[in-house]
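K.L.:
Whatever this is, show me its structure:
(one chain, ligands or ions: 2)
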Amino acid sequence: MSTHSVSCIVPVINETFSLEQTIAAVESQNGDSILEYIIVVSSAKTTPESFAVIEKLQQQYGSKVVVHRQTLKFLGGAIRESFEIARGTHTVMMSSDLETDPNLVKEFIALSKEQPEIIITATRWKGGGGFDGYNPLKYLLNAVFQKFFSLLYRTHLSDMTYGYRIFPTALVQKIHWEELKHPFLLETILKPLKLGVKAIEIPCRWEARKEGVSQNPFFNNFIYFRIGLKVLFLKKEDILKK
Ligand SMILES: Nc1nc2c(ncn2[C@@H]2O[C@H](COP(=O)(O)OP(=O)(O)OP(=O)(O)O)[C@@H](O)[C@H]2O)c(=O)[nH]1
Ligand SMILES: [Mg+2]
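P.N.:
Ligands and ions are numbered 1, 2, ... in the order given. Just a heads-up that it's a prediction; the model follows:
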């Protein structure tokens, strides 16, 4: 029996065919390794069209699809609750808008099987990574931001705001999380780094979504600094749950 199993967290607001393609790609390439897909939705915001696709996926994949209705708000709230209910030894955090290329999950799982204690995270800033259709101003700000935080945290990591990673589930379940909005994605790498957990990157090409709209308004990009600076001064015991 394998001791490695994966919970794949897939948050959904307005995705339809992108969600379907995400699950189809991950399942066809990694079916045996994946224990469950946690599809996390908001009763208020997830669209009827998305719910229709989710129902179809439940029929297709049965109990492997777990649908969770979030009670905490926003993307961070959705993922935080999914971390709590994940049953796999490892947890993949991704999106359902195809901005996290589902073909990479295979690589995440292979590397995680070799080094189960570490985090494997995708980067758009190295190797074969990159951006297609990214807002030019956001691109520039993102570059400066990544450089600033890699110097501040003395890390080789080049993409700390991209929410596409695999974690040991026990790790994410022992951390006290704070953010509810998109800066949560940054928090999920900074807190493990402060705990001394190793993280390695694999390149990923980011391609703008073809349907729906982002839930991350432009000015929210500035609130990443709050958690980015706060975590730097936290002690280990403040990062772990009490
Ligand atoms: N359940 C749930 N899903 C969410 C929420 N906010 C975003 N998502 C989903 O999480 C994924 C990533 O969110 P996006 O809003 O596309 O944000 P992003 O791609 O990180 O940010 P941009 O770079 O601005 O596009 C998408 O699949 C969204 O549908 C939320 O509050 N609840
Ligand atoms: Mg997106």
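
K.L.:
Of all residues in this protein, which one is nearest the centre?
P.N.:
M93 (3.0 Å; CA atoms, centre = their mean).

K.L.:
show me what contacts that one?
P.N.:
By CB atoms under 8 Å, 6 or more residues apart in numbering, the contact list for M93 reads I9, I79, G163, Y164, R165, I166, F167, L185, T188. No exception for glycine: its C-beta is placed from N, CA and C like everyone else's.

K.L.:
what are the ranges of the helices in the chain?
P.N.:
17-30, 48-61, 74-85, 105-114, 136-152, 169-174, 184-194, 224-232, 236-239 (DSSP state H).

K.L.:
got the buried residues for the shortest one?
P.N.:
Okay, so that is helix 236-239. With burial defined by 16 or more other CB atoms under 10 Å, the residues of helix 236-239 counted as buried are I239.

K.L.:
how far is that helix from where the chain is centred?
P.N.:
22 Å (CA atoms, centre = their mean, to the nearest Å).

K.L.:
what do you get for the third one?
P.N.:
Here helix 74-85 is found 10 Å from its chain centre; the criterion is CA atoms, centre = their mean.

K.L.:
quick one: it near ligand 2?
P.N.:
No: Helix 74-85 lies out of reach of ligand 2 by CB under 5 Å from the ion, never closer than 9.5 Å.

K.L.:
same check, this time on the longest one
P.N.:
No: under the criterion of CB under 5 Å from the ion, ligand 2 is not reached by helix 136-152; the shortest gap measures 11.7 Å.

K.L.:
now what about that helix, what contacts it?
P.N.:
Taking CB under 8 Å, 6+ apart as the rule, helix 136-152 contacts 125, 131, 134, 156-161, 186, 190, 218, 221, 224, 228, 232.

K.L.:
mind redoing it with 7 Å?
P.N.:
W125, F131, L157, S158, D159, M160, T161, N221, Y224, G228, L232 (CB atoms under 7 Å, 6 or more residues apart in numbering).

K.L.:
Whichever of those residues end up buried, select them in PyMOL.
P.N.:
Command for PyMOL, covering only those of those found buried under the criterion 16+ other CB under 10 Å:
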select buried, resi 125+131+157+158+159+160+161+221+224+228
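
K.L.:
In the contacts of helix 136-152, find the pair that's most separated.
P.N.:
For these, the maximum inter-member distance is 27.0 Å, found between F131 and L232 (CB to CB).

K.L.:
hang on, the earlier thing: any chance of the helices of the chain in CSV, plus distance to D97 and mean pLDDT?
P.N.:
Below are those laid out as CSV (distance: least, CB to CB, whole Å; pLDDT from 0 to 100):
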stretch, distance to D97, mean pLDDT
helix 17-30, 5, 98
helix 48-61, 11, 98
helix 74-85, 12, 98
helix 105-114, 15, 98
helix 136-152, 16, 96
helix 169-174, 22, 98
helix 184-194, 14, 98
helix 224-232, 20, 97
helix 236-239, 30, 97
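
K.L.:
P183 against N221, yeah?
P.N.:
No: counting by CB atoms under 7 Å, N221 is not a contact partner of P183; they are 9.2 Å apart.

K.L.:
Get me the contact residues on the chain for ligand 2.
P.N.:
Looking at ligand 2, the residues of the chain close enough under CB under 5 Å from the ion are D97, E99, S214.

K.L.:
just the residues you listed that are near ligand 1?
P.N.:
When these are filtered against ligand 1 using CB under 6 Å from any ligand atom, the residues retained are D97, E99, S214.
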